[in-house]
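Asker: Any chance you can model this:
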Amino acid sequence: MHVWCASFARGRVTDLRRAIAEHAAYEGMTGRRLEDFVLVANEITTNAVVHGGGHGRLRLWAHGGRLWCEVSDDGPGLPPGWLGDMRPPAGFESRGRGLWLTRMLCDHITIVSGPRGTTVTFAAVCE
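Answerer: Sure thing, here's the model as predicted:
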């Protein structure tokens, strides 16, 4: 199993998004599935930059017919009660869409958060 790793920071998310798209396409993702995976990766890496200290780490790998992505940051963690909220963001709010989109567009999501950072792992079928 090949794992691709990258560090990212504010101002580098666009380059990272392009690299994720290339790796996902190489693993067999196409069409809407590819677009959705890249959108989710962009949302989660942006969350790490905005809320998690301005930088983060990403790992990407294929296993079991799925493409997996793990995004970690060193921020203060998610606020209490935030992990269980499955409701869509209200109206035109600009916050709260990243994790909601991940839940809607991916086959798997795990969130581990605490005072030393947050790690979001998500996966989608490689079709």
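
Asker: Confirm residue 41 sits in a strand?
Answerer: No - assessed with DSSP: H, G, I helix; E, B strand; the rest coil, residue 41 is helix; it does not lie in a strand.

Asker: ok, it - contacts?
Answerer: 16, 17, 20, 58, 69, 71 (C-beta atoms under 8 Å, 6 or more residues apart in numbering). Placement of C-beta: from N, CA and C, glycine included.

Asker: Reduced to three states, what does the third one come out as?
Answerer: Spelled out, that is residue 20. helix.

Asker: For this protein, just list every one of the strands.
Answerer: 3-9, 55-63, 66-72, 108-114, 117-125 (DSSP state E).

Asker: just checking, what packs against the second one?
Answerer: The helices and strands touching strand 55-63, judged by 3 or more C-beta pairs under 8 Å, 6 or more residues apart in numbering; DSSP states H and E, are strand 3-9, helix 13-26, helix 31-51, strand 66-72.

Asker: any weak-confidence spans in this structure?
Answerer: Applying pLDDT under 70 to the chain flags residues 82-97.

Asker: One more pass at 90, please.
Answerer: 1-2, 10-14, 78-107, 126-127 (pLDDT under 90).

Asker: I figured residue 60 was touching residue 23, is that so?
Answerer: Yes - look at residue 60 against residue 23 with C-beta atoms under 8 Å: they come within range, at 5.4 Å.

Asker: who are the neighbours in contact with residue 125?
Answerer: Shown in contact with residue 125 (C-beta under 8 Å, 6+ apart): 33, 65, 66, 67, 107.

Asker: contacting residues around the third one?
Answerer: Pointing back at residue 66 there. Shown in contact with residue 66 (C-beta under 8 Å, 6+ apart): 107, 108, 123, 124, 125, 126.

Asker: Drop anything exposed from those.
Answerer: 123, 124, 126 (16 or more other C-beta atoms under 10 Å).
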